[in-house]
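Peer 1: based on what follows, work out the 3D shape:
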Amino acid sequence: MSTYQTEEEQVEAIKKWWKENGKSVIAGVVIGLLVVGGGKGWIEYRRIQAENASAFFEGFSQAANSGDLEAALKRGEALIKEYGGSTYAIFTAMRLARLQYEAGQKDQAKARLQWVLDNTDEAALDGLARIRLARLLLDMQALDEADRLSATPADDAYQGEFLSIQGDIKLARGDREGAKKAYADALEKGVSTPALVRMKLSELGG
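Peer 2: Take a look at the predicted model:
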């Protein structure tokens with residue numbers, strides 16, 4: 001305001017500026033308060049959702065650990081429906097897949113694992129779900145599907161596991177030399193069950 005020579009000129013300039021810009025200033029303040037308040041509200045909402053999902057997951061885990069498949073399915077499906085975008089839902093679906101596989105419900109287990117692949121953006125969980133689904137497909141003799149799923153691992157950390165599955169697929173197709181190479185490569189990359197892969201390789205003369 002130093003460009004104005006008198007106090008009256010300064011007052012008039014302020015009045016004029018406020019008349020021209022006052023509404024936008026008020027709107028900006030209101031919007032700013034809404035953004036800050038909304039941000040805090042969103043954080044609180046997320047916290048409550050996470051706590052609720054955790055409680056749901058605890059109840060599901062208790063049912064799953066007790067071996068009560070019916071109760072586990074009921075609680076697990078409720079969690080997935082209510083909190084489908086959470087990591088708890090992903091873990092729940094993977095656990096349900098295992099329970100249903102053990103109960104002989106292979107098609108349902110397959111659908112659970114496919115749901116995980118369709119709904120997770122975590123590379124580690126995606127890779128784990130792919131491994132489990134590929135092994136399930138191999139068990140179901142769906143060799144072409146298992147082959148496609150395990151041929152291009154999404155994460156190098158699981159490369160050994162996928163090579164081991166490729167070895168099983170090749171062996172199931174009668175390709176012993178191909179299986180031998182896949183098992184050897186799997187051991188080189190690293191697998192979670194090296195003793196089992198070594199046994200398979202030894203049986204093939206590797």
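
Peer 1: going forward, measure contacts and count neighbours with C-alpha atoms only.
Peer 2: Will do.

Peer 1: could you list the low-pLDDT ranges of this protein?
Peer 2: 1-52, 152-155 (pLDDT under 70).

Peer 1: contact partners of the helix or strand hosting Arg135?
Peer 2: Per DSSP states H and E, Arg135 falls inside helix 123-139. Contacts with helix 123-139, where a contact means C-alpha atoms under 8 Å, 6 or more residues apart in numbering, come from 94, 106, 110, 113-114, 116-117, 120, 143, 145-147, 149-150, 153-155, 158, 161-162, 165, 169.

Peer 1: how is the chain partitioned into domains?
Peer 2: What the record gives for the chain is the domain set 1-112, 121-206, from automatic domain parsing.

Peer 1: residue contacts, the most centrally placed residue in the chain?
Peer 2: Centrality entry for the chain: nearest residue to the mean C-alpha point is Thr120, 3.0 Å, by C-alpha atoms, centre = their mean. Applying C-alpha under 8 Å, 6+ apart, we find Thr120 in contact with Ile90, Asp126.

Peer 1: distance of it from Ala157?
Peer 2: Distance of Thr120 to Ala157, given as C-alpha to C-alpha, to the nearest Å: 17 Å.

Peer 1: and Thr92, by the same measure?
Peer 2: Counting by C-alpha to C-alpha, the gap from Thr92 to Ala157 is 23 Å.

Peer 1: so those two - more neighbours on which side?
Peer 2: Regarding Thr92 and Ala157, a neighbour count based on other C-alpha atoms under 10 Å identifies Thr92 as having more, with 26 against 15.

Peer 1: what's that one in contact with, if anything?
Peer 2: Thr92 sits next to Phe57, Phe60, Gly76, Leu79, Ile80 when contact means C-alpha under 8 Å, 6+ apart.
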